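K.L.:
sequence plus the predicted model coming up.
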Amino acid sequence: MIEKPIITPGGKEPEIVIDRMTVAEFSEKIYKPVGEVILTLLKQGVVAAKNQSLAEKVVESLARHYGIKIIEKQKPEAAPSHTSKEVATEGTWKERSPIVVVIGHVDHGKTTLLDFIRKTRVAAKEKGGITQHLGAYEVKTGHGNIVFLDTPGHEAFSLMRARGIRVADIAILVIAADDGIMPQTVEAIKRSKEAGIQLIVALNKMDKATPAQVEVVKRQLAQHDLVPEDWGGQTVCMPISGKLGTGIDELLEVIVLQAQLLDLKANLSLPPQGYVLESKVEKGRGPVATVICHHGILKVTDYFHAGNTWGKISSLVDSYGKRVTEIYPSMPVQISGFSELPQAGDFFEVVTQEVMKKGILEPRVRPEMGYARKEGESELNLIIKTDNASSREAVVNAISKIKSDYKKASILFSGVGDISESDVMLAADTGSYIYGFHVKVESNAQPIVQKKGIVIQSFDIIYKLIEDVERLLESGKPVKMITKKIGEALVLKVFDIKGLGIIAGAQVKTGRFIRDGKVLIWRGKQKVGEGNIKGLQRDRKSVKEVHTGFECAFLVDGFDTWEVDDRVECFQEVPE
Ligand code: GDP
């Protein structure tokens with residue numbers, strides 16, 4: 001279905017050049033909220049977070065969905081291709097080293113592999129120079145350099161993948177060939193697909209795996225849409241032994257080769273932009289953070305902004321522990337000069353001094369929610385997580401049967417397993433509620449839940465979960481108000497009080513009279529006026545209400561031609 005035409009603030013129809021871009025960039029171009037675009041993508045079967053890069057064909061299909069005018073892309077040779085955050089800008093482009101992350105199930109050999117590479121590939125004098133752990137290091141190979149994020153399951157990586165940000169270009173999925181695909185392997189496959197990271201499989205522990213076990217792993221990989229190359233597919237599988245060091249040279253070669261295919265380029269003319277990998281407070285230096293930039297040359301004395309903090313670079317220390325005055329893209333670097341500690345995963349950018357000064361004066365709030373929940377929306381977005389496939393089916397079925405004439409429950413995602421960071425991020429980006437059945441919230445997701453104010457409801461009994469969804473569906477329903485007569489009074493006296501106006505002195509005959517109540521005034525059978533009670537007094541004191549039998553005095557907004565014996569009816573708005 002094509003949406004109704006969008007008109008830009010300038011009154012022009014928006015147009016778009018089909019190119020890779022993030023969800024946020026797309027929504028900005030078409031003047032639609034990010035949350036809405038994410039929902040449209042979900043309806044098209046694409047799960048994408050705000051900062052996720054979209055392939056051209058996805059951008060095109062979205063543009064067609066919104067009826068946006070498509071502009072032909074101009075000569076591709078003019079702008080070299082590059083990955084990460086796509087930046088279509090002229091300037092000096094230069095190849096950059098691939099940034100690689102090692103992922104996989106616990107005990108499958110990630111640390112052993114990274115240790116082996118560091119020991120054998122980082123020259124001794126350089127190793128000696130490493131005085132502190134930076135969270136990433138650079139390896140030189142005959143064909144080019146590779147940057148490894150050196151902590152397996154790096155906190156920054158998990159945060160970043162949850163945010164859909166691609167700090168790494170390539171992920172090495174380590175699978176112990178004698179053990180096969182395990183739950184964390186599946187999770188790692190899912191995450192890299194979501195983040196759009198190029199995956200290379202390292203079949204580890206080949207020194208003790210049997211050929212039959214290796215075949216089993218390949219079959220399992222194929223079942224997860226990662227068909228190995230020797231089976232006619234496109235997934236590169238490298239047999240290695242992290243312990244003995246066999247196959248590592250070949251693995252590094254393949255990484256360099258893949259990087260060449262990715263054609264990773266950095267624009268050196270842009271102000272540097274990247275992400276914070278780690279941060280800590282160091283004695284004598286204050287807050288320091290490791291940053292990797294995808295573009296621009298970072299220099300000492302540059303002004304910058306990262307997350308909610310600002311600063312001026314006072315020192316740069318490279319991954320060999322050497323102080324440098326500038327650093328090129330893809331190179332991890334430790335920066336000092338932060339006013340406060342930034343967080344792993346924070347976006348980092350170099351800014352001008354003016355922008356920094358302005359930013360400090362008018363603190364910019366980190367954009368937390370890509371999607372603000374709006375009252376009166378007709379759909380209630382839900383994310384369902386359950387302990388197994390049959391409970392998932394039962395919960396999803398029961399929710400789809402709930403009938404509400406006010407709102408519709410729409411299940412954006414349902415899955416088996418504990419509530420993870422990516423579930424929480426999806427909820428934040430789409431304004432969804434999360435329902436868990438016999439599952440818990442993963443500990444690393446907890447801080448995000450609190451920070452983003454995500455509603456998570458957990459249940460052990462299905463009907464209680466369903467009751468809660470029903471409650472939510474009805475909770476925003478506007479209450480229908482009716483006007484109800486609550487009392488009648490007879491005017492006994494009329495006062496003209498200077499500066500106040502004409503006041504009716506009356507006795508309440510039935511029911512009650514209330515301050516701000518609406519009144520109708522009758523003379524005989526004729527209605528002579530109406531209005532709202534402005535001031536209500538009993539015994540010269542202001543009161544909220546006066547009951548049957550009591551005398552009172554009141555002013556009525558918009559009516560002052562009172563006569564004795566006028567009959568006054570008092571009304572109140574009450575829920576139906
Ligand atoms: P991680 O949890 O994925 O980081 O796994 P580790 O690197 O800590 O490895 C877990 C265990 O597997 C350790 O006892 C390693 O010595 C062992 N290991 C790692 N790689 C190999 C390998 O290639 N062959 C053998 N035989 N053992 C390995």
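P.N.:
On my side now, so go ahead. Treat the numbers as computed from the prediction; the structure is a model and nothing was measured. Numbering: from 1, shown residues only.
K.L.:
let me know the pLDDT of residue 466.
P.N.:
pLDDT, residue 466: 90.
K.L.:
and residue 552, that one's in a helix?
P.N.:
No. Secondary structure of residue 552 (DSSP: H, G, I helix; E, B strand; the rest coil): strand, not part of a helix.
K.L.:
tell me the secondary structure at the residue nearest to it when sequence neighbours are not counted.
P.N.:
Distance criterion C-beta to C-beta, 6 or more residues apart in numbering; nearest residue to residue 552, sequence neighbours excluded, is residue 546 at 4.2 Å. In short, each C-beta sits where N, CA and C put it, glycine included. Using three-state DSSP, the structure places residue 546 in strand.
K.L.:
again with residue 271
P.N.:
Applying three-state DSSP: residue 271 is coil.
K.L.:
ok, now which ones touch it?
P.N.:
295-296, 349-351 (C-beta atoms under 8 Å, 6 or more residues apart in numbering).
K.L.:
just checking, residue 186 touches residue 223?
P.N.:
No. Using C-beta atoms under 8 Å, residue 186 is not in contact with residue 223, being 10.2 Å away.
K.L.:
quick one, which of these two is more surrounded?
P.N.:
Legend: neighbour count by other C-beta atoms under 10 Å for residue 186 and residue 223, higher for residue 186 (14 against 10).
K.L.:
next one: phi and psi at the residue nearest to the more buried one when sequence neighbours are not counted?
P.N.:
Closest residue to residue 186 apart from its sequence neighbours, by C-beta to C-beta, 6+ apart: residue 224 at 6.9 Å. Main-chain torsions, residue 224, degrees, to the nearest 10: phi -100, psi 30.
K.L.:
isn't residue 224 up against residue 189?
P.N.:
Yes. The criterion here is C-beta under 8 Å, and residue 224 meets it with residue 189 at 5.4 Å.
K.L.:
more crowded one of those two?
P.N.:
residue 189 (22 against 14).
K.L.:
which SS class is that one?
P.N.:
Applying three-state DSSP: residue 189 is helix.
K.L.:
thought it was touching residue 201?
P.N.:
No. Residue 189 lies out of contact with residue 201 (C-beta under 8 Å); the separation is 9.5 Å.
K.L.:
so what sits against both of those two?
P.N.:
With C-beta under 8 Å, 6+ apart as the test, residue 189 and residue 201 both reach 173, 226.
K.L.:
tell me the strands beside the helix or strand hosting residue 496, with direction?
P.N.:
Per DSSP states H and E: residue 496 is located in strand 481-497. Applying DSSP bridges, strand 481-497 is found paired with strand 501-514 (antiparallel), strand 567-575 (antiparallel).
K.L.:
who in the protein is up against the ligand?
P.N.:
Within the chain, the positions adjacent to the ligand are 104, 106-112, 152, 204-205, 207-208, 241-243 by C-beta under 6 Å from any ligand atom.
K.L.:
buried subset of those?
P.N.:
Neighbour-count burial (16 or more other C-beta atoms under 10 Å) applied to the residues of the chain next to the ligand gives 104, 108-112, 152, 204-205, 241-242.
K.L.:
among those, which are in helices?
P.N.:
Residues of these located in helices (DSSP state H): 110-112.
K.L.:
count the neighbours of the nearest residue to residue 566 once chain neighbours are set aside for me.
P.N.:
Sequence neighbours aside, residue 491 is the residue nearest to residue 566 in space, at 4.2 Å (criterion: C-beta to C-beta, 6+ apart). Other residues lying near residue 491 total 19 when counted by other C-beta under 10 Å.
K.L.:
residue 563 is in contact with residue 491, correct?
P.N.:
Yes. Residue 491 is within contact range of residue 563, at 7.1 Å (criterion: C-beta under 8 Å).
K.L.:
now stretch 382-400: average pLDDT?
P.N.:
So the average pLDDT for stretch 382-400 ends up being 86.
K.L.:
in the sheet, who's paired with residue 275?
P.N.:
residue 292, residue 347.
K.L.:
can you give me the strands in the stretch 101-250 of the chain?
P.N.:
136-141, 144-149, 170-176, 198-204, 237-239 (DSSP state E, counting those that start in this stretch).
K.L.:
residue 285 reaches residue 338, doesn't it?
P.N.:
No. Using C-beta under 8 Å as the test, residue 285 is too far from residue 338 to be in contact (9.7 Å).
K.L.:
quick one: which of the two has more around it?
P.N.:
Using other C-beta under 10 Å as the criterion, residue 285 and residue 338 rank with residue 338 on top: 24 against 15.
K.L.:
once you drop chain neighbours, what's closest to that one?
P.N.:
Using C-beta to C-beta, 6+ apart, the nearest residue to residue 338 is residue 287, at 4.0 Å.
K.L.:
ok, that neighbour touching residue 343?
P.N.:
No. Using C-beta under 8 Å, residue 287 is not in contact with residue 343; the gap is 10.9 Å.
K.L.:
quick check: end-to-end length of stretch 170-188?
P.N.:
Start-to-end span of stretch 170-188 (C-alpha to C-alpha, to the nearest Å) is 13 Å.
K.L.:
same question for stretch 283-299.
P.N.:
23 Å.
K.L.:
thinking again about what came up before, where do the contact lists of residue 287 and residue 343 overlap?
P.N.:
residue 279.
K.L.:
let me know how buried the residue in the stretch 401-550 of the chain that the ligand sits nearest to is, in neighbour terms.
P.N.:
Of all residues in the stretch 401-550 of the chain, residue 444 sits closest to the ligand, at 16.5 Å by C-beta to the nearest ligand atom. As a burial measure, residue 444 scores 15 neighbours (other C-beta under 10 Å).
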